[in-house]
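Novice: sequence plus the predicted model coming up.
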Amino acid sequence: MLVLSRKQSQRIKLGDSIVITVVRVAGDKVRLGIDAPRDMLVLRDELEPHAADASLESLEVEVAAGELASLARSA
């Protein structure tokens with residue numbers, strides 16, 4: 001793990017398309033701004049299991065729709 005110290009308004013660049021900016025530091029909280037491509041998922045770590053569940057649900061819907069299409073073709 002890389003650990004960096006940054007002051008307010010300073011930035012960290014990840015690759016060519018992601019920029020993290022320290023927006024505000026107040027007490028024990030740090031507010032970050034993240035600029036990333038729209039197609040990239042940016043998610044807080046504590047929400048990750050919930051997102052995985054949502055991905056599975058959307059996959060189930062896609063599979064069900066595919067099965068429905070194949071049933072329609074065979075009818």
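Specialist: Sure thing, it's come through. Numbers count the residues shown, from 1 in each chain.
Novice: what helix or strand does the nearest residue to residue 21 once chain neighbours are set aside sit in?
Specialist: The spatial neighbour of residue 21 that comes closest, neighbours along the chain excluded (Cβ to Cβ, 6 or more residues apart in numbering), is residue 33 at 4.2 Å. No exception for glycine: its C-beta is placed from N, CA and C like everyone else's. Per DSSP states H and E, residue 33 falls inside strand 29-35.
Novice: ok, that strand: who's next to it in the sheet?
Specialist: According to DSSP bridges, strand 29-35 has the following sheet partners: strand 18-26 (antiparallel).
Novice: which outside residues touch the strand it pairs with?
Specialist: 6-14, 30-37, 40 (Cβ atoms under 8 Å, 6 or more residues apart in numbering).
Novice: same deal with stretch 30-37?
Specialist: Stretch 30-37 has contacts (Cβ under 8 Å, 6+ apart) with 17, 18, 19, 20, 21, 22, 23, 24, 25, 42.
Novice: and the furthest pair within those?
Specialist: The distance between the two most remote of these (Cβ to Cβ) is 25.2 Å, for 17 and 25.
Novice: so where's the protein uncertain?
Specialist: 48-75 (pLDDT under 70).
Novice: list the contacts of residue 12.
Specialist: Counting by Cβ under 8 Å, 6+ apart, residue 12 has contacts 4, 6, 19, 20, 21.
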